[in-house]
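> no sequence for this one, just the structure:
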């Protein structure tokens, strides 16, 4: 609810390197960031899913033909989807590059969970915690 400036802060190579070192010193897992020679960086992000709608995944069962002995268009199976709610707080870690776009993160998450819904139905929001708040 507070006004904020969305200007993109430009950091020089030394500042990026310093921030990566600070980040890595605070991490208590193997999800470190690394700086590449070209100035880009790679690392992991933790995505916590809080979906309010069910997601659809492809159904794995084939529908048997009504007339089992006779091949027909139903013999190949029918395309079906199964929808369900992901448990709140589901977490996934993704390895990304500094130039990875939000839409690419969404696509990667949908692929990991084999979700067949349109990626445009989803959005990413940044959430930061300090002292468990």
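Thanks, I have the structure now. Quick caveat: nothing in here was measured; it's all calculated off a predicted structure. Numbering: from 1, shown residues only.
> Okay, strands next: where are they in the protein?
Along the chain, the segments classed as strands by DSSP state E run 34-35, 41-49, 55-58, 81-84, 90-97.
> May I see those organised as TSV, with distance to residue 104, mean neighbour count and mean pLDDT added?
In this view, the C-beta of every residue, glycine as well, is placed from N, C-alpha and C. Formatted as TSV, these follow (distance: least, Cβ to Cβ, whole Å; neighbours: other Cβ atoms under 10 Å; pLDDT from 0 to 100):
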stretch	distance to residue 104	mean neighbour count	mean pLDDT
strand 34-35	19	14	90
strand 41-49	12	15	87
strand 55-58	18	16	86
strand 81-84	24	12	82
strand 90-97	8	13	88
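> Nearest to residue 27 among the ones you listed would be which one?
Ranking those by proximity to residue 27 (Cβ to Cβ) places strand 41-49 first, at 9.0 Å.
> Just checking: what are the partner strands of the helix or strand of the chain with the lowest mean pLDDT?
Every helix and strand of the chain was ranked by mean pLDDT, DSSP states H and E. The lowest is strand 81-84, at a mean of 82. In the sheet, strand 81-84 lines up against strand 55-58 (antiparallel) (DSSP bridges).
> Off-centre distance for the partner strand?
Relative to its chain's centre, strand 55-58 lies at 15 Å (Cα atoms, centre = their mean, to the nearest Å).
> contacting residues around the residue most central in space within the chain?
Centroid-nearest residue in the chain, with Cα atoms, centre = their mean: residue 109, separated by 3.2 Å. Applying Cβ atoms under 8 Å, 6 or more residues apart in numbering, we find residue 109 in contact with 47, 49, 92, 94, 115, 122.
> Redo those as a markdown table? Include distance to residue 41.
Output for these, formatted as a markdown table (distance: Cβ to Cβ, whole Å):
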| residue | distance to residue 41 |
| --- | --- |
| 47 | 18 |
| 49 | 25 |
| 92 | 20 |
| 94 | 14 |
| 115 | 28 |
| 122 | 25 |
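> ok, residues contacting the least confident helix or strand of the chain?
54-59, 116.
> Present the strands of the chain as JSON lines; the columns should include distance to residue 16.
Shown next, in JSON lines, are the strands of the chain (distance: least, Cβ to Cβ, whole Å):
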{"stretch": "strand 34-35", "distance to residue 16": "7"}
{"stretch": "strand 41-49", "distance to residue 16": "7"}
{"stretch": "strand 55-58", "distance to residue 16": "35"}
{"stretch": "strand 81-84", "distance to residue 16": "41"}
{"stretch": "strand 90-97", "distance to residue 16": "13"}
